[in-house]
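**Student:** Need the 3D shape of this:
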Amino acid sequence: MLPSADEYEITPAELQTIFAEENNTSVRLIDCREEDEWAICRIESPREQSTELIPLSRFAAEAPEKLGEESRPVVIYCHHGMRSMNATLFLRERGIEKVWSLAGGIDLWSTQIDPSVPRY
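**Tutor:** Residues are numbered from 1 along each chain as shown. Presented below is the predicted three-dimensional model:
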């Protein structure tokens with residue numbers, strides 16, 4: 001289950017639960033790290049959609065166009081959760097309410113959920 005719109009973060013355990021639900025609402029997973037980090041590792045959704053890269057360095061220019069009409073919930077992640085929180089706040093300020101930052105980023109995902117995801 002997704003957090004309420006009053007919350008700005010989703011925990012790795014909550015995201016894993018959403019991924020495991022058979023009839024879940026498809027979540028759009030956005031990685032806001034940079035391309036060199038993307039090349040090291042990423043979180044892959046078990047559903048039909050894949051993780052998308054929109055680096056924070058280009059987020060203001062690309063995200064509104066790519067996500068402006070999005071009806072699915074959006075989860076954004078980065079390395080530790082700081083950049084993804086900035087991206088979440090950016091989108092919330094523009095009226096996109098169903099967006100959350102992954103608490104602890106890919107690093108916490110690796111330690112709590114999927115140790116096969118390399119840490120760096």
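
**Student:** CA atoms for contacts and neighbours, from now on please.
**Tutor:** Noted.

**Student:** all strands for the protein, in order.
**Tutor:** Under the criterion DSSP state E, strands of the chain are mapped to 9-10, 28-31, 52-53, 74-77, 99-102.

**Student:** Could you identify which of the ones you listed is most buried?
**Tutor:** strand 99-102 (a mean of 28; mean count of other C-alpha atoms under 10 Å).

**Student:** pLDDT (mean, whole number) over that one?
**Tutor:** Averaged over strand 99-102, pLDDT sits at 98.

**Student:** Please apply the same query to stretch 35-53.
**Tutor:** 87.

**Student:** Throw the strands of the chain into JSON lines and include distance to residue 41, thanks.
**Tutor:** JSON lines is the format used below for these (distance: least, C-alpha to C-alpha, whole Å):
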{"stretch": "strand 9-10", "distance to residue 41": "20"}
{"stretch": "strand 28-31", "distance to residue 41": "10"}
{"stretch": "strand 52-53", "distance to residue 41": "12"}
{"stretch": "strand 74-77", "distance to residue 41": "12"}
{"stretch": "strand 99-102", "distance to residue 41": "16"}
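
**Student:** Just give me the residue closest to the centre of this structure.
**Tutor:** Ranked by distance to the mean C-alpha position of the chain (C-alpha atoms, centre = their mean), the top residue is residue 76 at 2.2 Å.

**Student:** pLDDT score for that one?
**Tutor:** For residue 76, the predicted pLDDT is 98.

**Student:** Tell me if I'm right that it and residue 102 touch.
**Tutor:** Yes - the pair residue 76 / residue 102 is scored as a contact, 6.1 Å apart, by C-alpha atoms under 8 Å.

**Student:** which residues are common contacts for the two?
**Tutor:** Counting by C-alpha atoms under 8 Å, 6 or more residues apart in numbering, the shared contacts of residue 76 and residue 102 are residue 84.

**Student:** Report the contact partners of the residue nearest to the centre of the chain.
**Tutor:** Contacts of residue 76 by C-alpha under 8 Å, 6+ apart are 29, 30, 31, 32, 84, 85, 87, 88, 99, 100, 101, 102.
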